[in-house]
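>>> Take this sequence and fold it.
(chains A, B, C and D)
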Number of protein chains: 2
Amino acid sequence: MKERQEAIKRYIERKSDVTLAELTKEFSDWSEMTIRRDLEFLEQRRFLIRTKRGARIMPTSYEVSVGMYGEREKRNCDLKQEIAAKAAALVETDISMYLDAGSTAMMLARELPDRNLIITTSAPNIGIEIVLKKKNPTVILLGGTLQRKTISTCGLNVLDQLKTLNIDTAFVCASGYTDATGFSVGGQHECVLKRAIIASARRVIMLMDSSKLNSILPFTFAQLSDIDTIVTDSKAPESIKAAFRAAGVHVL
Amino acid sequence: MKERQEAIKRYIERKSDVTLAELTKEFSDWSEMTIRRDLEFLEQRRFLIRTKRGARIMPTSYEVSVGMYGEREKRNCDLKQEIAAKAAALVETDISMYLDAGSTAMMLARELPDRNLIITTSAPNIGIEIVLKKKNPTVILLGGTLQRKTISTCGLNVLDQLKTLNIDTAFVCASGYTDATGFSVGGQHECVLKRAIIASARRVIMLMDSSKLNSILPFTFAQLSDIDTIVTDSKAPESIKAAFRAAGVHVL
DNA sequence: AATGACGATGTGAATAATTCACAAAACATG
DNA sequence: CATGTTTTGTGAATTATTCACATCGTCATT
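Predicted coordinates:
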């Protein structure tokens, strides 16, 4: 990245919202066209977004996961939305609930009613989302090391933290499921956390879109017997849903 | 808010980035002009930002504090930037540091070198910022209840959490200072947390822009004798800086 | 039921911003 | 120094946005 582009980026980061006119005045050694091209360049790298007559900083989009920026997040967006809506209907007022990390959980957070709820989560982005958009829920963030890939915390003392929290309903996401291996995820730390949550919650609701059925990830954290309800989408094959029901799990 | 506007908002929230053409097609019962006006309406309420040929969702801007949206954040932006730059120069590699909540701390986070650092913070927004923008630092988030106003956590067991963390340098922000009252803040919880941090850190660096000098807030959390260095801006009156130095505090 | 005030919506011209193709300049490389 | 490559500037062509105004529908008042 060029010196000038860095400078423009810094300038916009400070001002947070600038017009092209302002920039051409500030960087008058270059033409408008060059600044334009720089903005385009910076937009491609996700440092900012161009608006009609200028640009704005991109408030570090914690919504999208790192790497494929937006790509991964929007995948199966409709399915996840459907699941989130169904799951939100299960939330009662004055409940103490746990909300997992992940894009499905983020959507559930958005669908949550603005009521008196105690929401514990290991995903700081989801916690912030709730606190900024709703007035009534109380959000409790679990502490620990912040993982880059998942934007969730995990700590050696999660168990201690959970000891003082009484979680009624836990909404947990899984990245994979097969009959043989149960529910699995890609990260070891997540696995430990999910197990702890499942062990301490009175009721466990699993959120999983149909694209994750019949796939296996490195770490298994739960079996069918550990959960009460599974919320999935309309594309989930009836055969698997029947198998869930046969194991005594509610399927929505 | 009208039905249609809600629908547009939801549509954009799902897609995250839409063109006007796409919207006029989706909401073909209305004219382009009406959609335009709706986007303007939604932009004013901070639900999205309009781009050149459409709009994007506003990824819940955790950077700006609630309420005055952006107003408060950008106040004295230049002063804070100056402080952040000076403070960043004090950061050594391989250090274990604490970063407070607040807009000055956010700016410091941005100025931090992309090195091997252990950064503990009670501000999840700052933690996410670091983790998404830099590759090398390790971020540790303190757990607890997420405060709406400050976007920082505070918990009954902060002290327990700090016990296992050895913080070398703590960068702490204050909202007010007078000779008589010392350093003060507006919230009780913050006050408790800051005290705990100051007690456990080897070196305490206070960040405070000159607009906060000579103002008093409800809760005092530190005296001059508790801190090692104070970083302020060039507008700070020489008389106060002299008083700081007289008390054995380094002033930058 | 007629009237008028009001807000919401649509229309097209006027304005402004953006893109594009190309030329000139700067830079590097053998 | 000739050559190819990248960066930058220019103005015309294109496209998007704004604005003023016309229309429609709703609702309260007479």
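>>> okay, how far is it across stretch A:96-113, tip to tip?
14 Å (CA to CA, to the nearest Å).
>>> And stretch A:130-140, by the same measure?
11 Å.
>>> Tell me if A:Lys86 really is in a strand.
No - counting by DSSP: H, G, I helix; E, B strand; the rest coil, A:Lys86 is not found in a strand; it is helix.
>>> Going by proximity to chain B, name the top residue of the stretch 51-200 of chain A.
Closest to chain B within the stretch 51-200 of chain A is A:Gly143: 2.7 Å, counting by CB to the nearest CB. For glycine as for every other residue, the C-beta is placed from the backbone atoms N, C-alpha and C.
>>> where's the nearest residue to that residue once chain neighbours are set aside relative to A:Ser210, distance?
Nearest non-adjacent residue to A:Gly143, counting by CB to CB, 6 or more residues apart in numbering or on different chains: B:Gly143, 2.7 Å away. Taking CB to CB, to the nearest Å as the measure, B:Gly143 and A:Ser210 are separated by 34 Å.
>>> now swap in A:Ile12 and tell me
Separation of A:Ile12 from A:Ser210 (CB to CB): 41 Å.
>>> The two: which has the busier surroundings?
A:Ile12 (22 against 18; other CB atoms under 10 Å in any protein chain shown).
>>> in what helix or strand does that one lie?
Using DSSP states H and E, the element containing A:Ile12 is helix A:3-15.
>>> Mind listing what's buried along that helix?
With burial defined by 16 or more other CB atoms under 10 Å in any protein chain shown, the residues of helix A:3-15 counted as buried are A:Gln5, A:Ile8, A:Lys9, A:Ile12, A:Arg14, A:Lys15.
>>> Let me know the closest of these to B:Ser184.
Within the buried residues of helix A:3-15, proximity to B:Ser184 (CB to CB) peaks at A:Arg14, which comes in at 27.4 Å.
>>> pLDDT value on the closest one, please?
On pLDDT, A:Arg14 comes in at 76.
>>> can you give me the strands in the stretch 151-252 of chain A?
A:153-154, A:169-173, A:176-178, A:182-185, A:203-207, A:219-222, A:229-231, A:250-251 (DSSP state E, counting those that start in this stretch).
>>> Can you give me the distance of the residue in chain A sticking out farthest from the centre to DNA strand C?
Here chain A reaches farthest from its C-alpha mean at A:Asp29, the gap being 42.9 Å by CA atoms, centre = their mean. The spacing between A:Asp29 and DNA strand C, counted by CB to the nearest atom of the strand, to the nearest Å, is 12 Å.
>>> quick check, that residue in a helix?
No - judged by three-state DSSP, A:Asp29 forms no part of a helix; its state is coil.
>>> Check it and give its pLDDT.
pLDDT, A:Asp29: 92.
>>> before we move on, the earlier item: what's around the residue of the stretch 51-200 of chain A closest to chain B, how many residues?
If you count neighbours by other CB under 10 Å, A:Gly143 ends up with 29.
>>> on that earlier part again, contacts with chain B among the buried residues of helix A:3-15, please.
A:Arg14, A:Lys15 (CB under 8 Å from any CB of the partner chain).
>>> Return the member of the buried residues of helix A:3-15 nearest to A:Thr220.
A:Lys9 (43.5 Å).
>>> isn't the closest one right next to A:Phe41, touching?
No - with contact defined as CB atoms under 8 Å, A:Lys9 does not reach A:Phe41; the gap is 9.7 Å.
>>> So what touches the helix or strand encompassing A:Ile128?
Element membership of A:Ile128 [criterion: DSSP H and E] is helix A:124-133. When contacts are defined by CB atoms under 8 Å, 6 or more residues apart in numbering or on different chains, helix A:124-133 is touched by residues A:62-63, A:99, A:101, A:105-106, A:109-110, A:112, A:119, A:121, A:137, A:139-141, A:146, A:151-153, B:60-62, B:66, B:124-125, B:127-128, B:141, B:146, B:148, B:151.
>>> I'd like the mean pLDDT over it, please.
On average, helix A:124-133 scores 84.
>>> So which elements touch the helix or strand following that helix?
As assigned by DSSP H and E, the chain's next helix or strand after helix A:124-133 is strand A:138-141. Packed against strand A:138-141, as judged by 3 or more CB pairs under 8 Å, 6 or more residues apart in numbering or on different chains; DSSP states H and E, are the following elements: strand A:118-121, helix A:124-133, strand B:144-146.
>>> Cool, thanks, talk later.
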